[in-house]
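[1] what would the 3D arrangement of this be:
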Amino acid sequence: MPLEQEVPALLTVGFFIMISLVGIMAILLWYRTKQNGYAYSMILLHLMMLTFAFNFFMKAIHFDPDHIMASEEISLRIGISGVFWAMSMLCLTIAIILFGRTSNRG
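    Coordinates of the predicted model:
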């Protein structure tokens, strides 16, 4: 997919800044509360899976359109990206459920 030259770099930098900030915040909150370890680990797993999804998506965007099987390769990479995104959403949902259970006990 043709994009302006700066767009992929800006997307990548912005994504990794936000993922890093959220990851650091999750680790600090986990360290501070010393509880909900499984829920916080699900948040970190969510971030890792989301990073994999972003990586495959960016590879699909940057794929050479002149390649013989470009359409199939791009479709495969977007499909893999979608699978990682779905797994990340599952991890996030599990974390939300676990946080909800512990807050109701209080």
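
[2] who are the packing partners of the longest helix along the chain?
    Longest helix in the chain, counting residues (DSSP state H): helix 70-105. Where contact means 3 or more C-beta pairs under 8 Å, 6 or more residues apart in numbering; DSSP states H and E, helix 70-105 is packed against helix 37-61. No exception for glycine: its C-beta is placed from N, CA and C like everyone else's.

[3] angle of the helix it packs on against helix 70-105?
    Interaxial angle, helix 37-61 versus helix 70-105 (axes from the mean of the first three to the mean of the last three C-alpha atoms, to 10 degrees): 160 degrees.

[4] so where's this protein shaky on pLDDT?
    Across the chain, the ranges flagged by pLDDT under 70 are 1-3, 103-106.

[5] now with 80?
    1-5, 63-66, 102-106 (pLDDT under 80).

[6] quick one on the thing from earlier: list the buried residues of the longest helix of the chain.
    74, 77-78, 80-81, 84-85, 87-88, 91-92, 94-95, 98 (16 or more other C-beta atoms under 10 Å).

[7] also stretch 52-62?
    So for stretch 52-62, counting by 16+ other C-beta under 10 Å, buried means 52-58, 60-61.

[8] quick test: name the residue nearest the centre of the chain.
    Nearest to the mean C-alpha position of the chain, by C-alpha atoms, centre = their mean, lies Leu50 at 1.1 Å.

[9] that residue touches Met87, doesn't it?
    No. Using C-beta atoms under 8 Å, Leu50 is not in contact with Met87, being 9.2 Å away.

[10] still on that earlier bit, if you skip the residues just before and after it, what's nearest to the residue nearest to the centre of the chain?
    Setting aside the residues directly before and after it, Leu50 is nearest to Ser88 in space (C-beta to C-beta, 6 or more residues apart in numbering), at 4.3 Å.

[11] related to what we said a few turns ago, which single one of the buried residues of helix 70-105 is nearest to Met42?
    The shortest approach to Met42 among those belongs to Ala95, at 3.8 Å (C-beta to C-beta).

[12] how about that closest one, nearest residue that isn't a chain neighbour?
    Met42 (3.8 Å).
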